[in-house]
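[1] below is the sequence, then the predicted model.
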Amino acid sequence: MKKIMKFIKKWLTVVFVVLVIGVVGFAIYAYEPSIELMPAGSQPNFEPEVIEQGRLMAAAGNCASCHTAAGGPPYAGNYAMPTDFGTIFSTNITPDREQGIGGWSPAAFLRAMRTGVDREGNHLYPAFPYNHYAKMTEADILSIYAYIMTQVKPAQVAQKPNQLPFPFNQRYLQAGWKLVSVDLKPYQTDPQQSAVWNRGAYLVEGVTHCGACHTPRNVIGAEQNDKKFAGAAVDGWSAPALTADNESLLPWSAADYSTYLKTGATRLHGVAAGPMAPVVHAGLQKLPDEELQAMGVYLADLSGNGLTEAAANDIIEASLEQNKPRQFYRWDTGERLYATACAACHYNVEQIAEGRPDLGINSAVHLHQPDNLIQVILDGLDNESGITGVVMPGFRDALNDQEVALIVGYLRATRTDKKPWPELTKKVSEIRDLYP
Ligand code: HEC
Ligand code: HEC
Ligand code: HEC
């Protein structure tokens, strides 16, 4: 008995020592020093070309979308980001010295963008997509710094406290998350590929952070690298796969991608709505055409779909055919509702017109999830979704859950040969309550 006690004691001591070493080791690993504030007025002068490059990079990175609260001053933070773990508020990144990052040195800014650590040495949450910004060159990151320091108006807005329960409010634990979850290496050129492909990959993987929404996340909220761009749920919407698994009936060419990213729509796929709308309208749209073309080249390579033109034409013909009113009484309530509420606008006869999506080939009707279709029916599309200035009314107040579900079910059954979506009425009700 004594022997056993002795053994257990010894064993516990070993466990304890290992634990202490582990904790101390982790603390050393997680520790990041504070970087001193710069004295007021010590900001270097920036070249106009650098500031201009920073303006483009900040647009491509959608910094303003996440760092501006509705109605608040640009870049002053407090934009609420609900996550599975609680609500995180973005920070004030205006050049205000007290509330913003006015006193941050270029080195402090670079460290935040590359490793997700703030000036004082605190680990930042991955709601800030630094894992993508880490792919950028130092020059591109510092151009954003130059842009913010010179062009953004300082705003004295204090940050709202995050609403995160223990242990998620312990920032040092983020260091462990980084250890297991992210690759923070800058973008590596692929010598097998063209310069244009590499430029596109650099932009897609890095500053424009497409994967933050289009790559599914694991239980600890990290992007799953083995399922890159496989599609994911975002704020009650589906961000479709950008791989060969993309559900669009018609393939995406490089030109389709660049048109979509520039204008917010393509004639043969659909429009950029919901969380994708600001990605285009507050960001990518501002990039020069060559940059968007390069992104198109890389994206088309990711999704590569070998449909022939003749096969694509057959699909378009079949979709147009479906629009024709049937010559007998409309028995199906879904069809009747569709004819009354939607067909007047979604009606193409000989060819598919710009700004008049043909629902037989629209992604929203073909996705695994009905979320996007339901969202668009409930709340329509404003000026800044899809094509600028082209709108669709919402039907939130005109149709009840069951009616919306009937239209959605009707489109799925007649415009696709895919499985029906289950429990549609419940789904409509859930989505309706997301943004009451
Ligand atoms: C998807 C939303 C999102 C986007 C896009 C985004 N940020 Fe942020 N950012 C955040 C959040 C949220 C935080 C706060 C994280 C935290 O508190 O841990 C943050 C923190 C920061 C910080 C640290 C500031 C501080 O005071 O600690 C910097 C610097 C920053 N972001 C710069 C940028 C820049 C530059 C861009 C554009 C290239 C950008 N962010 C784009 C969400 C975003
Ligand atoms: C903030 C989240 C978010 C980011 C960042 C984002 N997307 Fe999206 N994306 C979405 C959502 C949600 C949709 C579905 C919108 C819709 O159908 O109207 C979408 C739709 C798309 C589509 C249409 C796909 C289809 O089959 O219809 C393409 C193409 C696309 N995104 C490409 C990109 C690229 C390229 C990037 C990076 C430059 C990007 N997205 C960044 C959320 C995002
Ligand atoms: C008054 C005209 C009008 C009516 C009525 C209308 N739509 Fe639309 N719809 C549009 C326009 C225009 C667009 C494209 C908007 C853009 O590009 O910004 C659109 C876009 C869409 C999209 C594409 C969304 C995407 O992400 O690609 C879907 C799906 C859609 N409508 C479904 C419907 C359904 C279902 C109804 C009936 C409940 C309906 N619409 C009623 C005009 C209309």
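    Yes, it's here. Ligands and ions are numbered 1, 2, ... in the order given.
[2] dihedrals phi and psi, residue 87?
    Dihedral pair for residue 87: phi -100, psi 130, per degrees, to the nearest 10.
[3] so it sits against residue 162, correct?
    Yes - judged on Cβ atoms under 8 Å, residue 87 makes contact with residue 162 at a distance of 6.7 Å. (C-beta placed from N, C-alpha, C; glycine too.)
[4] so these two - more neighbours on which side?
    More crowded of residue 87 and residue 162, by other Cβ atoms under 10 Å: residue 162, with 18 against 14.
[5] for residue 378, give its distance to ligand 1.
    Distance, residue 378 to ligand 1, using Cβ to the nearest ligand atom, to the nearest Å: 24 Å.
[6] secondary structure element for the closest residue to residue 318 other than its chain neighbours, which one?
    Nearest residue to residue 318, sequence neighbours excluded (Cβ to Cβ, 6 or more residues apart in numbering): residue 360, at 6.9 Å. Assessed by DSSP states H and E, residue 360 sits outside every helix and strand.
[7] quick check: the residue of the stretch 1-150 of the chain nearest ligand 2.
    The stretch 1-150 of the chain approaches ligand 2 most closely through residue 62 (6.8 Å), counting by Cβ to the nearest ligand atom.
[8] how many other residues sit next to that residue?
    If you count neighbours by other Cβ under 10 Å, residue 62 ends up with 20.
[9] so what pLDDT did it get?
    Note for residue 62: predicted pLDDT of 97.
[10] determine if any part of the host helix or strand of residue 259 is in contact with ligand 3.
    Here residue 259 is covered by helix 254-263, with elements defined by DSSP H and E. No - using Cβ under 6 Å from any ligand atom, helix 254-263 stays clear of ligand 3, coming no nearer than 8.7 Å.
[11] can you tell if that helix touches ligand 2?
    Yes - Helix 254-263 lies within reach of ligand 2 by Cβ under 6 Å from any ligand atom, at 257, 260-261.
[12] quick one: which of those residues is nearest ligand 3?
    residue 260 (10.1 Å).
[13] surely the closest one and residue 268 touch.
    No - Residue 260 lies out of contact with residue 268 (Cβ under 8 Å); the separation is 10.2 Å.
[14] tell me how many other residues surround residue 240.
    Residue 240: 25 surrounding residues under other Cβ under 10 Å.
[15] what's the pLDDT at it?
    Per-residue confidence (pLDDT) for residue 240: 98.
[16] for it, which non-adjacent residue is closest in space?
    The shortest distance from residue 240 to any residue other than its chain neighbours is 5.2 Å, reached at residue 231 (Cβ to Cβ, 6+ apart).
[17] what's the spacing between the one you found and residue 211?
    Here the criterion is Cβ to Cβ, to the nearest Å. By it, residue 231 lies 11 Å from residue 211.
[18] okay, those two: which has more neighbours?
    Shown here are residue 231 and residue 211; by other Cβ under 10 Å, residue 211 has more neighbours (25 against 21).
[19] how about the contacts made by that one?
    For residue 211, the contact set (Cβ atoms under 8 Å, 6 or more residues apart in numbering) comprises 132, 205, 223, 228-229.
[20] check residue 106 too.
    44, 142, 145.
[21] hmm, which of the residues you listed are the buried ones?
    Burial by neighbour count, 16 or more other Cβ atoms under 10 Å: within the contacts of residue 106 this picks out 142, 145.
[22] go through the contacts of residue 106 and name the one with the lowest pLDDT.
    Ranked by pLDDT, the contacts of residue 106 bottom out at residue 44 (84).
[23] ok, and the closest non-adjacent residue to that residue?
    In space, residue 44 is closest to residue 106, 7.9 Å off (Cβ to Cβ, 6+ apart).
[24] and the residue nearest to residue 227 when sequence neighbours are not counted, what is it in contact with?
    With sequence-adjacent residues excluded and distances taken as Cβ to Cβ, 6+ apart, residue 227 is closest to residue 216, at 5.3 Å. Contact analysis of residue 216 by Cβ under 8 Å, 6+ apart lists 223-224, 227, 230-232.
[25] go through the residues you listed and flag which are in strands.
    Among those, DSSP state E puts residue 232 in strands.
[26] out of the contacts of residue 216, which two sit at the greatest distance?
    The most widely separated members of those, counting by Cβ to Cβ, are 223 and 231 (12.3 Å).
[27] secondary structure added to the contacts of residue 106, as JSON lines?
    Below are these laid out as JSON lines (DSSP: H, G, I helix; E, B strand; the rest coil):
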{"residue": "44", "secondary structure": "coil"}
{"residue": "142", "secondary structure": "helix"}
{"residue": "145", "secondary structure": "helix"}
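[28] how about the contacts of residue 106 in CSV, adding distance to ligand 3?
    Output for the contacts of residue 106, formatted as CSV (distance: Cβ to the nearest ligand atom, whole Å):
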residue, distance to ligand 3
44, 43
142, 36
145, 35
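[29] from the contacts of residue 106, which is closest to ligand 1?
    Distance to ligand 1, by Cβ to the nearest ligand atom, is smallest for residue 145 among the contacts of residue 106, at 7.9 Å.
[30] would stretch 64-81 count as contacting ligand 1?
    Yes - interface with ligand 1: stretch 64-81 contributes 66-67, 81 (Cβ under 6 Å from any ligand atom).
[31] closest to ligand 1 among these?
    Closest approach between the residues of stretch 64-81 next to ligand 1 and ligand 1, by Cβ to the nearest ligand atom: residue 66, at 2.9 Å.
[32] what is the neighbour count of the closest one?
    Residue 66 - counted by other Cβ under 10 Å - has 18 other residues nearby.
[33] where's it, which helix or strand?
    Using DSSP H and E, residue 66 maps to helix 63-67.
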